[in-house]
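Undergrad: Here's my sequence, what's the structure:
(one chain, ligands or ions: 1)
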Amino acid sequence: MSAPRPRVLLIVAGGVAAYKALELVRLLDKAGVATRAILTKAGAEFVTPLSLGALTHDTVYSDLFSLTDEAAMGHIELSRSADLVVVAPATADIMAKAAAGLATDLATTALLATDKPVLMAPAMNVRMWEHPATRRNRAQLEADGVGFIGPDSGPMACGEFGDGRMAEPEAIRDAILARLKPGSAAPAPVGLMAGRRAIVTAGPTLEPIDPVRFISNRSSGQQGYAIAAALAAEGADVTLVSGPVALRPPAGVRTLHVETARDMLAACLEALPADVFVSVAAVADWRPAETAPQKLKLKGADAAPTVSLVENPDILATLAQPGPLRPGLVVGFAAETQSVEMHAAAKRARKGCDWIVANDVSGDVMGGAHNQVSLVTAEGVERWPRLPKDEVATRLAQRIAEAVNQSATVADA
Ligand code: C5P
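TA: From the prediction side, this is the model:
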């Protein structure tokens, strides 16, 4: 007889991110996890009990005082019949009620009645997330043993930008699976980079000319995302600072979405201290000296606007500057089309970084799946074979792990 499927009680509260809960149920089902759902009254404004029920293959519970629901399963049993209780999206409201121990509806009653571990995936407006009351509630919930995944940073449905986007369903699924493993209620990271902090930049930057036009480049972000994922797979605590790309944030990585070089620099500085900084982003060298507040108008054939450019800050060179916050290992990338290794060695000295991954972009590298790199260090040049980008990432993560393991962690400092 096969082992019973692990069970999750998923509480879907009221937020725009509730639609992602449907995808989460589908991913859990594929991973062999059974889900039973509680949909709050506000949650039902965003997803229907019908769609949630179709995906969970079960009744969707919503009403604390429903005779039919209670007949099917009482709230105590409901809260204890699962191996893990997950709240996704966890709104500011449900966090506040859970932190205060209120039991005003079925969802909060189940949270109070459960004897199982609880994982919350917060989703809310950045101001609400940063409000001292929400911070207090989160600290209280953590003290009570509640686990958290996310939130991520980036553009939000409300038009603002910052921390508060619910973690992606894949990341929540992975956090759930890690917790469902026997004896892993709070999984300790394992791997060569456990206990190490890494910052990785990826993708292009986007420099606005006016509200609708911009300067950017063709970087896909694939190599940087693969490196962030490979470092996380080695157990590192990774912050990925990403320009606009069409990629899903890697599971288990804190992904911050930025647009301009200046925002990318600010996000990197804020993420310090770190043991390693890997600068993969194709940062735009220049930005328009001014961003027009209104869309520039066509004014006739001989009146095309002139866009004057100014240089962007060099993020790699800034983080490589000597000082107490300089990461122990600073790695830059160099995209070259000729005399690759010679130019890379010169760039290593100019930027003040420890290694340069020299990238021959004379072929189909930009946006392609493969990369041909050479690793330029103080010791010399190593030419690697042409490899898929995720294998370049794995090799580089292993080399980074070997190097940082010869030094103390930032946490020790
Ligand atoms: O000078 P170049 O653009 O070729 O240098 C490439 C390296 O420098 C990459 O690691 C890139 O991420 C980083 N860089 C940066 N900030 C810039 C320009 C490049 O961090 N403004």
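Undergrad: Could you measure from V25 over to E170?
TA: 13 Å (Cβ to Cβ, to the nearest Å). For every residue, glycine as well, the C-beta is placed using N, CA and C.
Undergrad: so how far is T201 from the spatially closest residue to L192 that is not a sequence neighbour?
TA: Spatial nearest neighbour of L192, excluding adjacent residues (Cβ to Cβ, 6 or more residues apart in numbering): A401 at 3.6 Å. Using Cβ to Cβ, we find A401 at a distance of 19 Å from T201.
Undergrad: can you pull out the helices in this structure?
TA: In the chain, the segments counted as helices under DSSP state H are 18-30, 49-56, 67-72, 75-80, 92-100, 106-113, 126-130, 132-143, 169-180, 222-233, 261-271, 315-320, 340-351, 389-404.
Undergrad: What count of nearby residues applies to the residue nearest to L192?
TA: 21 (other Cβ atoms under 10 Å).
Undergrad: Pull up the per-residue confidence for it.
TA: A401 is assigned 92 on the pLDDT scale.
Undergrad: Surely it is in contact with G195?
TA: No - A401 is not in contact with G195 according to Cβ atoms under 8 Å; the separation is 11.3 Å.
Undergrad: how far does stretch 278-290 sit from the chain's center?
TA: 21 Å (Cα atoms, centre = their mean, to the nearest Å).
Undergrad: Dump it to CSV, restricted to CA.
TA: Extracted C-alpha coordinates of stretch 278-290, given in CSV (Å, rounded to 0.1, in the frame of the first residue of the first chain):
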residue,chain,number,x,y,z
VAL,A,278,28.2,38.6,-8.3
SER,A,279,27.6,41.4,-10.8
VAL,A,280,26.0,39.8,-13.8
ALA,A,281,23.6,42.6,-14.8
ALA,A,282,24.1,44.3,-18.1
VAL,A,283,23.9,47.8,-16.5
ALA,A,284,23.2,50.5,-19.0
ASP,A,285,26.3,52.6,-19.3
TRP,A,286,24.4,55.8,-19.8
ARG,A,287,21.0,57.2,-18.9
PRO,A,288,19.2,60.3,-20.3
ALA,A,289,20.5,63.4,-18.4
GLU,A,290,16.9,64.3,-17.8
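Undergrad: Okay, buried residues for it please.
TA: Within stretch 278-290, the residues that qualify as buried are 278-284, 287-288, counting by 16 or more other Cβ atoms under 10 Å.
Undergrad: Between V25 and E170, which is the more surrounded one?
TA: V25 (26 against 16).
Undergrad: Could you list the low-confidence segments of this structure?
TA: 1-3, 66-73, 182-190, 363-367, 408-413 (pLDDT under 70).
Undergrad: Near the ligand, which residues of it are found?
TA: Within reach of the ligand by Cβ under 6 Å from any ligand atom, the chain has these residues: 201, 261, 279-281, 283, 312, 314-316, 332-334, 347.
Undergrad: any idea which of the helices of the chain is most buried?
TA: Neighbour counts (mean count of other Cβ atoms under 10 Å) averaged over each of those peak at helix 222-233, with a mean of 26.
Undergrad: what helices or strands is that one leaning on?
TA: strand 197-202, strand 237-242, strand 276-279, helix 389-404 (3 or more Cβ pairs under 8 Å, 6 or more residues apart in numbering; DSSP states H and E).
Undergrad: which residues touch the longest one?
TA: Helix 389-404 is touched from outside by 191-193, 196, 198, 222-223, 226-227, 229-231, 233-234, 275-276, 278, 328-329, 331, 357, 369-371, 373, 375, 384, 387, with contacts defined as Cβ atoms under 8 Å, 6 or more residues apart in numbering.
Undergrad: Any idea how far apart the tips of stretch 175-193 sit?
TA: Terminal residues of stretch 175-193 lie 18 Å apart, using Cα to Cα, to the nearest Å.
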